[in-house]
Structure formats: C-alpha cells, structure tokens
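In: fold the following, please.
(chains A and B)
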Amino acid sequence: MNREKRVLFFATTLLCITAMLGIISWGSASGEDLPEIKKRGVLRHLGVPYANFVTGSGDGMDVELVKRFAEHLGVRYEYVKTGWENVIGDLTGKKVQARGNDIDILGEVPVRGDVIANGLTKIPWRQKIVDYSTPTFPTQVWLVARADSTIEPIKPTGDIDKDIAQVKELLKDRCVLGKAKTCLDPSLYGLKETGAEVKLFSGNLNELAPAVIKGEGDATILDAPVALIALEKWPGKLKVIGPISSMQEMGVAFAKTSPGLREAFNRFFEKCKADGTYQRLLKKYYPGVFMYYPAFFEKM
Amino acid sequence: MKIHPFRVLAGKRNLAALTIGLVLFLYIGFLITSNYLSQVDLQKTALEKLRQDTEKLAMSVSYFCAERKIDLKNLSENRAISVYFENKALGMSMEYGLKASLNAIRYQFDRLMEEKKFAGKRIYPRVTFIRPHGEFLVDTGLINLEQDQGRNWNEFLTPDSRDVTFIDKHNPQIPMMIVTIPYFFKGNFAGQLLAWVNLVAVYEHLVKKSQHSNGLTSFVSIKDHLQSTEYMRTKFSPISASELMNIEMGKTRRLEVTDHTGIKRDMIIIRVQIKGTPFFLTRAMPASDILGRRSPFHLLVAMAVLSIAVLIGMMIFWRVTTNNLVLEARFEEASKRRQEIEEKNRQLEQEINERKQAEELLRKAHDELERRVKERTIELVEANEQLKAEIEERKRAERTLRNSEEKFRFLAEKMFDIVWTMDRDFKTTYVSPSIENVLGFTPEERKRQSLEEIITLESLQRVQEMFLRELRRYEEGTVDPDRSVIIEVEYYRKDGSTVWMENTVKAIRGSDGGIVGMHGVSRDITERKIAEEEKTRLQFQLQQVHKMESIGILAGGIAHDFNNMLGIIVGNTELAMDDVPEWNPARHNLEKIRTGSMRARDMVKQILAFSRQSQQEMKPVRISPIIKESLKLLRSSIPTTIKIHQNISSESDTVRANPTQINQVFINLCTNAAHAMGEKAGVLEVSLKNIELDEGAAIHYHDLSSGKYIRLTVSDTGHGIVPKVLERIFDPYFTTKKVGEGSGMGLSVVHGIVKTHGGDIFVASELGKGTTFQVFLPCIEDEPEAEIEIAIEIPRGNERILFVDDEKAMVDAIQPMIERLGYKVTARTSSIEALEAFRANPDRFDLVITDFTMPNMTGVELAKELLKLRSNIPIILCTGYSEHINDDKSKASGIRAFLMKPVFLSEIANIIRRVLDDD
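Out: Modelled structure (predicted):
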C-alpha cells in the first residue's frame, strides 16, 4: 500500500512539474512587434559573424544597416551575438529542425532578438518559420576548390541547370565541405546523391575557404559574395569550379509575429536605396560584388 | 664811343654759345656710342635667356614624362593583373569568378585615372589593356571626340620591348600622347597596357605659361617624324616646317619662315631634346620680339643726325630770343601794374553788389521761415491731439483683447479635451496642456514628435487617407470648405499604452484660400469604445442565444415527428418479429432494425438535451459503458485515417451525472480532436482512469478539492492550438472554425456541463504536435441505478382499450401490437370521434391510450372530457414530443401514465398492465 502511495505521489509530482514546465513554455513569446520595441526602447540585432555582413569586430554592412534602422525608429541599438544553430530560435522562440524544405518544431526557447541580419539566404524551410524583408543582396552557392586541385572549372553553357549538372558530375568520390543547418547545408543541394564524400564542417562559415586551402577537403560550397572575398584574400590559392544552386537572395529576417516591424524596415530600406545610403554601404563592404552583379543592384 | 651794355653782353654771349654747343656735341656723341653697344649686348642676352628658358621647359616636360613611365611600370606590376591571369590559367570562367578579377583590374585603372592629376585636371583620360590579338581586355572608355573605329590596335603592341614607349597623338582638337608598356605573364607576352596622356594641362601650365607674346609658339614633336607633328603643320607651311625639323639641337637660329597663311615672318627658332623621351621641344618666335624692330647701327646713325639738327636749331633760337628779352621785360612790368589797379576796382564793385543781394535774400528767408513755423506749430498741436485719442483707443482695444485671450487660454488650458493646431506637414504648432493628463506628454514633447510616433500604424493610415480624401474633395469643390471632419484615432500614451480619441478636425486656410494646416479638438473616448465593444459582443451573444432558441424549437418539432416515425418503425418491426420464427435470418435483420431504432431514440434525446429542451436528470451512473458505447458510434463518423486507441481501465467509475450530458461532453471532445487532425493520418487516444487528489495535489487543479476523481483524457495528434486561442477556448461563442463548421458553443457547453457535475476540465496543447483535454469528475460510492430489467415474460390481459392517434400508420402499427397482448382494441384516428365513441358507452372501455398532439382537441383536452364522463377511467398519454406536456403536467390532468414514442412492445405491455392493475 505504501508503495502504491509512493508511486502515486511521484506520479502527481511529475504531473505538477510537467504542468509547470508547460505553463512556463506557453508563456515564452516570439519576436515582439513595433509598438513593443518602441516601448522597450531597444532594437536587438541577432548576428552571426559572417564575411563582411557581420565582421564580429563591431562593424559590417548589416551592422551599419540595422544601427541606422534603430536610429530611424528612435530606439537604442543592441547587438546580440548568436550562432547558426540557435539564430532562428533566438528570433522566434521555437527550437526548429530543418527536414528538407520542411521543419520540425522541437520545443520552446527564450526569444533573444528582434531581427536577424547577417547575409541570411532565403531558403524554403526558413521561410516557414520567419518572414523576410525585401531582398537586400544577391547570392548563389558556388563550388570552390584549392588552386592545385585536379577538379577543373566548368565551361559555362549559358543554362544554369546544365552548369549545376556539370559541377555535380565532378564531385564523385571528392571530399566536399559544407555546414549543417545553414544555407551551405549539403543536404539542401543533394550533394550526397552525386557520390561526393560530404563532410560537415565544425568551424564557422568564415573558415571554410581556409580549411580547403589547408587540405581538409577537396572543395567546399560557398556563397558567391564570400567566394569573391576569398579570391581577393587568398589570390592564386583558390579557384571557382562552378555553381551548385540557382541565383538566390538574402534578406533581413523577422518573426512572423512582427509584421509591423518588417513593414517599417521595408519602408526604411526603400529610403536608404533612394538617398544612396545603401549603395555607399555596398561600395564600402562589397565593392567586388557591387560590380559583379550590376543588374541586381540597378534593379534596386 | 659809348659802349652800349647790351652789345657787350651780346658779344660775350656768342662765345659762350659756341663753347656750350661744342660741349653738347661731344656729350651727345658719347651717349649715342654707349647706347649702340648696350643694344648689341641686350640682343645677345635675350637669345641666351631664350635658350635657357627653353631648356628649363624641356626639363619640366621631361620630368612629367618620367613620372608617366613610372605610373605605367607600377600599373604593369600591379597584383590585380597577375591575379587575373593566374585565375584564367586555373580555368576559371567569367560567369563564375573570373569577372571579379577583371573588375579588380578595372578598379586599378579607375584609381590611376582618379588619383593622377596635373594642375587639378586628370592626366589619364583613358587606360586600356589590349590582348595580344588586338582586342580589348579592359577599357575605361572612349574620350570625347575620339574615334576608335577603324583603328588597328595591333600597331600599338610592342612584344619585343620591355620598356615604356611614348606615341605622339597630337592633333589640333586633342593634344594627346599615349604611353604604353607590354605586359608579360610568366615570361610570355600577354598584352599591352595603354594610357592616354592629356597634354592640355602640360601646355597650359608649362609651355604656354612661358610665352612672352602672342607671337611665340612652342610645341613638342617627335624627332625626324614629320607626319606626327600635326601641330606644326597647322602653324607653318610644309617647306618651313621641314626647315624647322633640321635645325641643330640646342642652337638658336634666325630664319625667314612662311606660316600657314602664306605670310613670311622673320623668326628666331630653337630646338631642345626632351630627355628620356624621343621628343623635342621646338620654340619659334618673331625676331623683332627678341631683338627689337631696328638694328643697333641704324639706331646709331639716326640718333647722330637728330642730335646735330637739334643743336643748330637751339643756337638760332637762343640768338633771336635774347634780343627781345629786355624789351619784353620792361613792357611786361608796366602792363602788370595797370592790370593790378583795374583788377582791384573790379573786385570792390563786385563785393558791394554781392552784399546787397545777400541782405535781400536774408530778409526774404527770414519772413518765409516765420510763416512756416506758425503753420507747423498749428499742425503739431492738431496731430498731438489726434495721437492722444488714438493711444487711448488702442489701450481700450488691448485691454479687451487681453481679456478675450485670457478667457480663451483659460478654456483651452483647463478643459479636459485637447485643443491643437497643425501645419500641412502634420507638425504640431500648438497643443493645450490637457494633453499631459490624457497622454502623459507635455505640450513641448508633443511638438517635437512626429505624427507616426504618437498614433498607431493603423490610425496613421486612416488619418492619411482621411486627409487625402478631404483634400481631394476640397479641390473638387464637392464639400463645404469650412466643414469639420470627425475621426477616431488610437494614440500612444507616454507609458506605451494606447487610448482612443475622437478628433474634430477643421482646415486652416491661408489668405489665398489654400489649406495651410488644421486645428481640432481631441476627446478621450476609450470608455465609449469599450462600451461599444461590449455592446457589440452582447449583441452577438444575444443573436447566438436567439439562434439556439430557434434550434431548440426546431429540434422539438423534429423530435415529435421523428419519434412518431420511429414509433411506426418499431411497432411494425416488433409485429414482424412475432411473426418470424427465430431460425429465420429475417428475424436477425428485424432485431437490427429494432436496435437501430433504439439508438435513434437516444439520438433524439441528445438533440433535445443539446437544445436544453429536455430535463437533465442527475443520477449515479457508471461512465465506462457510456464511453465505450459512444466510441462505437464515433468510429463510423470519423475518417478511417484516424486510429482510435482506448485505455479504459478504471476500477471505480460511478459518478453522479446525466448520461446524456456525459455522452455529449465525450462526443464533443472527440469530434474536435478529429477536426484537428483533418484528413491526415493521426491517433485519437481515449483513456479513463481513477485519480486521487490529496490536499497538496488539489492546489494545482484550480477549483478541484481533494478526493477521488475519474479522469477522462481525450488527446489527438493534430495541429495544436496557439496560446492566444488556448486562453479563450472555453469562452462562449469563441470559435476558430469557419461559418457553418460550428457555433462556438461546443467547448463552452462542455465546460458548463463538467462544472455542473462538480468537476473541471483542463487543456494542454503544443503547436504541430497535438492537444490533450482532461475531464475530472468526482467519484461517488453509491451504486448506480439498476437498468430497468425488461421482463422476460411480457404481461398480457384481455381488457378493452380505446386507442386514439391522428396518424393512421401509427394506429396500424400499435393496434395489432396491443391486440397481440390479448387486449381488445378500438382504434380512432380523431379525438372527436374517440370522444363520441366513449360518450356512447363510457363503461365499454377499461383503458384509454391517446396521442397528445392531435387536431381539434389535444390528448389532454380529450382526457379531461373523458374524465368528466367517467372520473375513474385510466388514461395513458402518448407523445412524440411536446414542450407543452411532460410526466408531471399529465398527472396533474388526471392522466395515469405518460409514454414517449417510439413505443416498444415490452414498454407498453408493462405500462398497460401497471395502470390497469393500479386501477
């Protein structure tokens, strides 16, 4: 009998704890909208150091852009450092796992920021959990190899699908680096199916190019803007083999509960483009990309 | 002989003149000789200076060219160019990366063009890189007036050279030269760098600056290459230009050359090599500008002749004038004295006249002045009086204005409403202090804020739309320009909360009639808004209540007809069952019809319960059988893609409850769960367990006290519920379903039922995973009421019964059923006919069974008439359903029993027997 009571007691206690955890988790809210941010007086910028978007040393194109946005709103700017694994959760309050183009919500996490701005590529699974601003930057995923690699760059055909197929044919039995849970996740581009030996890189995205130079893999996939910077930084050490994806776009991400904030940003961004502020930032941080994709930016 | 003193003087004078003339002659000779020698020296010096200037100029041009060489060498060694060739050698394509290397080269070219300037002007207007086959790799673009068409770029390639080369590009429109250097990648000729050098600045700041007159011409030309010296050809005839090219280097030479108009000119020419380049600097200028218009010898002769002539002339003049001097001196002295006396007389007369005139003028002026003073004094007195009156009037007006302003300010500042004015850009120009009471901002803070900072986004859009709409109307002239507009706007308070305000806005117009701003009054209408919202909500609830009442009435009507029809089905089925032996398969089918009819009857009861048309009786019941039975019904109504898992393992499941309501709760929860999963595969899990809550545990269950409970859990794997919806899920009429999918009453009714049973309901949900409802009902120790045992032996009899029902089919079904029990039945399908039959012989019948709803006379009215005829006649009232009758009401009317359709054989047999036996 005592044993039964003890079991009942533990069961009840467990039930209470579960209920309390449930209540706590239900209480965590996702990203706040414009009036709350204005009331709070601070705009929290979630950033992962990546290329010249967020340099990690206090500046970067997206850092300057969000600082100006905060100034435009009349609130204080606050940078919140995060990592690729947590950045979506830190914005939405949901722990998310990508499954192809779909997502699984694994649970609740605390919300730490109001916007993500660090060259975040628009990919289908991210669009299911966050809203993007109007496109801010063009990109494409390229395969980049060490200069002395036996992988030869492709001859472009003018048809992007054929070019991608050419590149994938070169990957059989090659060690290709990628980074899980980012826009450089090999599973997004079906690299495993090409017969390549896919290696998930444990360092950050900025270290992929040096890792290939060191010989940690035969090649890596890189965002085009980052690949262009890598070619400038390590001239003669790397070569671009060809494309892995079609043209993509980057943007600033907002929680789906922050439509007002997103709308305010879009209006602010239009103003920046109209008065030339954004073009000055582009020439400062990505002069090469600005000249490389003139059509994208002229359209802006 | 008297010697006249003038003659002596004249003799000595001739001697002196001779002496002086000789001295002068010698002196003039000396001056002329000295001047000649000086002229010769000056010419030599001028030529030497010209040579030195030209050499300095050539040196400056040489430095300029040397810098250009360094520029080109630096550019050819730039890493951007080698990176391009390295990447190209790696096989990279323009589409994927190589274009960036090309852009980097272009960037270096642009930087060179931007950075290199001379006298504030760009040195390089164009830089190109030409591939070995003569086509462009990078080109910064054409220069104005320049044409590339037809140009053979191969001519510029110098693969055999390693040094910088200058190419003359002189032409009359664009003074230009090209600096070029070959580029080698890994020892192989990979192309040629070309940079155009603008010589305009060089001419203007080096060459032209050193020109002394318009006649001087300086230019740079390539040695022994006459065709390229286009500039020279524009200035000189071909023969003269050819002569100029043959002049020895570094020497000055005087030549008679023909210019481009055919005029011959005496010119000084000098040519100097520009060091480090294949160029010469050639300067040509008119000889007269350097050496003067006359030679020194010609000047010498001219001056000697002139000096002698002047000397002779002077001597003759001196001789004539000396004789006249004495006479002239005397005459002049006498004339001078006379003139002095006459002059003094004239002056005296003039002074007397002037003084007379002055006195007259003075008198007139004095009279005029006195007259004017008098007039002005009168005017001043009048003006002074008028001014005093005006000052008094103005003081009165100011006092009135001040009083008015104080009244207005008192009103504006003390009233609770906010008074404000704005300009056309929505900038606040005045706002009354009451804003601080309403919004928390001071007037000064508000003036600094923009409109979008103080009102919500939705309100801002409405205000802008209103403003544009009104502006359009004003412009179209379709409305009164002085009308006011009322708009409700949601403002932010300083603490971040919001407040609704009603704004009465009117345009302020400028002197030209155009709108220059707005003024208005804002009033806090938050309470009114809340009241309006509450009113809307109450109206909605009232509509829902009316709707539910209508459903109730409808359900009652349906129940009546449905039960009647069921009565026919059941009656006939049971008759048929009697006729069909048990071994016959049709017997089994008939039993199925009977069972189905019983379920249909239960469903009618549930419909009536839902519409609150039936009484909810609470009694001790076991829940497990209710849940199991309901699950059987549910299985057929939810998609097969949803699996049902049940875990009904309660030991003690007796609760005080209304079974129909419990069934309603369960069906509702399960139906919601099925909706949540939709057509997708999912699992509906139902469990029933005993839970005992002690004092500590009960705290976590809000309204529940400690004790034993039975817990019914219904969970699904559907889409889950968002937290905001979860908070309001048990509110009446709150629904997330579309119109036609639900009333929004389901979970509210469930909540109400559970609460009336002394229990509680809890919900937990996770988005994308599913929802779980837990219903707690207090367990009781009482035994559940035993189900009415259907007697195995159906009681029979042989009494006489009058059966009345207006529906013939019902009579046809029930009459044989009763007759088979042994009774003698007289059936009527009209209450009037039945009354007449009874009236004819009241003792003919032992029992009357009558329907309730009949035309002309209801069952109750018939019963009253029958009882008047025979007070002890037992009557059974039978009805499909009517809200006007129930068991209690019928008994009050003297009716012995009340029977609900459909009537089952065992049921009617027992009731007939019981009523007859009681009697």
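In: what's the neighbour count on the closest residue to chain B within the stretch 1-150 of chain A?
Out: Closest to chain B within the stretch 1-150 of chain A is residue A:39: 3.5 Å, counting by CB to the nearest CB. Where you see a C-beta, it was placed from the backbone N, CA and C, and this is true even at glycine. Using other CB atoms under 10 Å in any protein chain shown, residue A:39 is surrounded by 13 other residues.
In: so what's residue B:90 closest to, chain neighbours aside?
Out: Closest residue in space to residue B:90, ignoring its immediate chain neighbours: residue A:239 at 4.2 Å, by CB to CB, 6 or more residues apart in numbering or on different chains.
In: and the one you found, what are its bridge partners?
Out: In this entry, residue A:239 is beta-bridged to residue A:145, by DSSP bridges.
In: show me the contacts for the residue of the stretch 1-150 of chain A closest to chain B.
Out: Contact analysis of residue A:39 by CB atoms under 8 Å, 6 or more residues apart in numbering or on different chains lists residue B:496.
In: hmm, residue A:153 and the residue nearest to residue B:90 touching each other?
Out: Yes. If you go by CB atoms under 8 Å, residue A:239 and residue A:153 touch, sitting 6.0 Å apart.
In: who touches both of the two?
Out: Shared contacts of residue A:239 and residue A:153 (CB under 8 Å, 6+ apart): B:90-92, B:97.
In: how much space between the residue of the stretch 1-150 of chain A closest to chain B and residue B:238?
Out: 88 Å (CB to CB, to the nearest Å).
In: go on, residue B:896?
Out: To residue B:238, residue B:896 is 150 Å away according to CB to CB.
In: more neighbours, those two?
Out: Set residue B:896 next to residue B:238 and count neighbours by other CB under 10 Å: residue B:896 wins out with 20 against 12.
In: mean confidence score for stretch B:247-255?
Out: In this model, stretch B:247-255 has an average pLDDT of 81.
In: list the residues that contact residue B:916.
Out: With contacts taken as CB under 8 Å, 6+ apart, residue B:916 has the following neighbours: B:797, B:799, B:846-847, B:874.
In: likewise residue A:102?
Out: A:125, A:128.
In: pLDDT score for it?
Out: On the pLDDT scale, residue A:102 is placed at 89.
In: which residues in the stretch 201-300 of chain A form strands?
Out: Ranges of strands in the stretch 201-300 of chain A, per DSSP state E, counting those that start in this stretch, are A:219-223, A:238-243, A:248-255.
In: anything in the shortest one near chain B?
Out: Spelled out, that is strand A:219-223. No. Counting by CB under 8 Å from any CB of the partner chain, chain B has no neighbours in strand A:219-223; the shortest distance is 10.5 Å.
In: tell me the helices and strands packed up against that strand.
Out: Using 3 or more CB pairs under 8 Å, 6 or more residues apart in numbering or on different chains; DSSP states H and E as the contact test, the elements touching strand A:219-223 are strand A:141-146, strand A:175-178, helix A:208-214.
In: redo that, cut-off 10 Å
Out: Here strand A:219-223 touches strand A:137-139, strand A:141-146, strand A:175-178, helix A:208-214, helix A:224-233, strand A:238-243, going by 3 or more CB pairs under 10 Å, 6 or more residues apart in numbering or on different chains; DSSP states H and E.
In: now the angle from that strand to helix A:224-233?
Out: Strand A:219-223 and helix A:224-233 are oriented at 120 degrees to each other (axes from the mean of the first three to the mean of the last three CA atoms, to 10 degrees).
In: now strand A:219-223 against strand A:238-243, angle please.
Out: For strand A:219-223 against strand A:238-243, the angle by the same axes, to 10 degrees is 70 degrees.
In: and strand A:219-223, which strands flank it?
Out: Sheet pairing for strand A:219-223, assigned by DSSP bridges, gives strand A:141-146 (antiparallel), strand A:175-178 (parallel).
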